[in-house]
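> got a predicted structure plus its sequence, pasted below:
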Amino acid sequence: MPKLNFKHANAIYLHLPFCSSKCPYCDFYSVQYTKKGVGQYWAALFMELEDLAAKTENKLVKTIYFGGGTPSLIEPNLIKDIIKKIKNKFKVTPTAEITMEINPASVSEEKIINFKRAGINRLSIGIQSFNNQHLSFLGRKTNSLQNKKILKLVANNFKNYSVDLIFALPDQSLEDFEKDLKELLDFFPPHISLYNLEIHENTPFYQKYNQGKLKLPTEELDAQMYKLALNKLKQAGYQHYEISNFSQKGYRAQHNYIYWLYQPYLALGPGASGFDGNCRYQNLSNLNYYLDYYNPQRLDYYDLDDYNLEKLKKIDCLRDHKKNKIRNITCLKPKEKWGEYSFLALRTDLGLFYHKFYQKFGLEFKSIYKEEIAELKALDLLKENNERIKLTTRGKEVANEVFLKFL
């Protein structure tokens, strides 16, 4: 198996896979929450931090992100401990963005305050909708009033936060979505992430869709909703800085920008994906495999003291494992790197600068992709000016089709 070698850390993503229930549209790896499971996982997570820190040269970290799963199920004291551990092993900048995803059903005012005390300085809230019928369809455990209550609590305690909203739902009209947007804009959150419903394999929605029991809106209605959002959010003063993301000035998601700038980042936990600049890796989506690798004795973090932590570090399975496999690693060929760099840059409002591509790869972008650029410009999906290319409004609507041209 190829070995990872991080010249730069830049960012750390931690996947906390625990959920109280599984949303029918979600394809992220998750398991049922139990205190015992979290305790064993937390001990393993500390060991993976040790492992990846040893693979990293420049340990400067600009952002930390807790995703899931449902990270807000975790006790704030555990979050505090892992942040402390990261700061012990890496050089976390004083202004680092430290984000946690939260589900409105799993937080209270006390917990929100304690997450802030633990070191979280940005929340990403999975509101998804303010329509009770749509919330029920999505498997969410809160209603509109509860969502609004949590939003108020977050706004009272956090200056920096983001709200997720899903559109293009079955039986959702343009008027329904417009109402969702209006109710969200009443809160005027610093950041908004907007996604149309996607049907992923190995989800209940995928089974229903294949059985003809799930009818999605037409492509035309989907596009109308997206255009409506662009207009409403622009009028409200938001910057549309990435295909799915909108922010007030000064509140762009710094963590995600590291992805879009094609910079290396570390990722921990089962199912988590990272990038060392040359190779992409994904930890196996299996909590038991993860524990076998990093905590084979199933030690419980709640019971560990400093002595036992040091003992756990010395377990033979920690270094140069021969029997167990924890992650798949794919080292990219040059053309794959060019393609990834291209579509990630095109996701942003800045687009792709030719000179930056040359600085990165020592090649002329316009020479490599001359035909693709001409074709996409003719279709009004790309525009070219000032030695760069950007998606047009139409290009943003069919972005995946544009990206495929560079892959």
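Everything's here; your move.

> by mean pLDDT, flag the weakest helix or strand of this protein.
The weakest-scoring helix or strand in the chain, judged by mean pLDDT, DSSP states H and E, is helix 306-313 (a mean of 63).

> tell me which residues of the top helix by length along the chain are tucked away?
With DSSP state H setting the assignment, residue counts place helix 35-54 as the longest helix in the chain. Neighbour-count burial for helix 35-54, counted by 16 or more other C-beta atoms under 10 Å, picks out 37-53. C-beta coordinates here come from the backbone N, C-alpha and C atoms, glycine included.

> stretch 102-112 too?
I102, N103, P104, A105, S106, V107, K111, I112.

> show me which of those residues is closest to L151.
Out of these, the one with the shortest distance to L151 is P104. That distance is 8.0 Å, counting by C-beta to C-beta.

> the closest one against L153, yeah?
No. Contact between P104 and L153 fails when scored by C-beta atoms under 8 Å: they sit 9.4 Å apart.

> joint contacts of these two?
Taking C-beta atoms under 8 Å, 6 or more residues apart in numbering as the contact criterion, no residue touches both P104 and L153.

> ranges for the helices of the stretch 251-400 of the chain?
254-260, 287-294, 306-313, 334-346, 354-361, 365-368, 370-378, 393-397, 399-404 (DSSP state H, counting those that start in this stretch).

> Serialize those to TSV and add fields for distance to L194.
Compiled in TSV, the helices of the stretch 251-400 of the chain are given as follows (distance: least, C-beta to C-beta, whole Å):
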stretch	distance to L194
helix 254-260	14
helix 287-294	31
helix 306-313	42
helix 334-346	18
helix 354-361	27
helix 365-368	29
helix 370-378	24
helix 393-397	12
helix 399-404	13
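
> and these: which comes nearest Y29?
Each of those was scored for nearness to Y29 using C-beta to C-beta, and the closest is helix 287-294 (8.3 Å).

> which residues pair with the closest residue to Q239 other than its chain neighbours across the strands?
Counting by C-beta to C-beta, 6 or more residues apart in numbering, S247 is the residue found nearest to Q239 once chain neighbours are left out, at 5.5 Å. When bridges are assigned using DSSP bridges, the partners listed for S247 are H191, Q239.

> in this structure S247 contacts P190, no?
Yes. The pair S247 and P190 qualifies as a contact (C-beta under 8 Å) at a distance of 6.5 Å.

> burial check on the residue nearest to Q239, number of neighbours?
For S247, the tally of surrounding residues (other C-beta atoms under 10 Å) stands at 21.

> and it, what pLDDT?
The per-residue pLDDT reported for S247 equals 98.

> give the contact list for I199.
Contact analysis of I199 by C-beta under 8 Å, 6+ apart lists Y25, F205, Y206, Y209, L214, L216.

> look up phi and psi at it.
For I199, the backbone dihedrals are phi -100, psi 110 (criterion: degrees, to the nearest 10).

> got a pLDDT number for it?
Model confidence at I199, expressed as pLDDT, equals 90.

> could you number the chain from 263 rather than 1 from now on?
Sure, I'll start counting at 263 from here, so that last one is I461.

> excluding chain neighbours, what is closest to it?
For I461, the spatially nearest residue (C-beta to C-beta, 6+ apart) is Y471, at 4.9 Å.

> still on that earlier bit, which two in the buried residues of stretch 364-374 are spaced the farthest apart?
The most widely separated members of the buried residues of stretch 364-374, counting by C-beta to C-beta, are A367 and I374 (13.2 Å).

> neighbour-wise, which one of the contacts of I461 leads?
Among the contacts of I461, F467 has the most neighbours (other C-beta under 10 Å), with 23 neighbours.

> would you agree it is in contact with Y287?
Yes. Here F467 reaches Y287: they are 5.0 Å apart, a contact under C-beta under 8 Å.

> please name the bridge partners of L653.
L653 has these beta-bridge partners by DSSP bridges: L644.

> that one: what's it in contact with?
I505, L608, G613, L643, L644, K645, A661, V664.

> now with 7 Å, please.
By C-beta atoms under 7 Å, 6 or more residues apart in numbering, the contact list for L653 reads L608, L643, L644, A661, V664.

> can you pull out the strands in the stretch 363-512 of the chain?
Along the stretch 363-512 of the chain, counting by DSSP state E, counting those that start in this stretch, strands occupy 384-390, 423-429, 453-458, 501-504, 507-509.

> which strands and helices sit next to the shortest one?
The one in question is strand 507-509. Counting contacts by 3 or more C-beta pairs under 7 Å, 6 or more residues apart in numbering; DSSP states H and E, strand 507-509 is packed against strand 453-458, strand 501-504.

> Serialize these to TSV and add fields for mean neighbour count.
Putting those into TSV (neighbours: other C-beta atoms under 10 Å) gives the following:
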stretch	mean neighbour count
strand 453-458	20
strand 501-504	19
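
> how many neighbours does D448 have?
11.

> shaky segments in this protein?
Flagging of the chain using pLDDT under 70 yields the residue ranges 263, 567-586.

> now the spatially most central residue of it: closest residue in space, sequence neighbours ignored.
Ranked by distance to the mean C-alpha position of the chain (C-alpha atoms, centre = their mean), the top residue is G329 at 6.5 Å. Once flanking residues are discounted, G329 sits nearest to E363: 5.3 Å by C-beta to C-beta, 6+ apart.

> ok, the one you found - contacts?
Contacts for E363 were tallied using C-beta under 7 Å, 6+ apart; they are F328, G329, G330, P333, S386, G388.

> of the contacts of L653, closest to R402?
The nearest member of these to R402, counting by C-beta to C-beta, is A661 at 26.8 Å.

> return the distance of that closest one relative to Y521.
The gap separating A661 from Y521 is 15 Å, by C-beta to C-beta, to the nearest Å.

> K298 now?
With distances defined as C-beta to C-beta, the gap from K298 to Y521 amounts to 33 Å.

> repeat that for A515.
Separation of A515 from Y521 (C-beta to C-beta) stands at 9 Å.

> any idea how far apart the tips of stretch 364-372 sit?
14 Å (C-alpha to C-alpha, to the nearest Å).

> sorry, back to before: can I get the CA coordinates of the helix or strand just after the longest helix of the chain in CSV?
Later in the chain than helix 297-316, the nearest helix or strand by DSSP states H and E is strand 318-330. Backbone C-alpha positions of strand 318-330 (Å, rounded to 0.1, in the frame of the first residue of the first chain) are rendered in CSV as follows:
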residue,chain,number,x,y,z
THR,A,318,3.1,15.3,8.5
GLU,A,319,6.1,17.6,8.0
ASN,A,320,4.7,21.2,8.3
LYS,A,321,2.0,20.8,11.0
LEU,A,322,0.4,24.2,10.5
VAL,A,323,-3.4,23.9,10.7
LYS,A,324,-5.8,26.6,9.6
THR,A,325,-9.1,24.9,10.0
ILE,A,326,-10.7,22.0,11.9
TYR,A,327,-14.0,20.4,10.9
PHE,A,328,-16.2,18.0,12.8
GLY,A,329,-18.6,16.2,10.3
GLY,A,330,-20.8,13.2,10.5
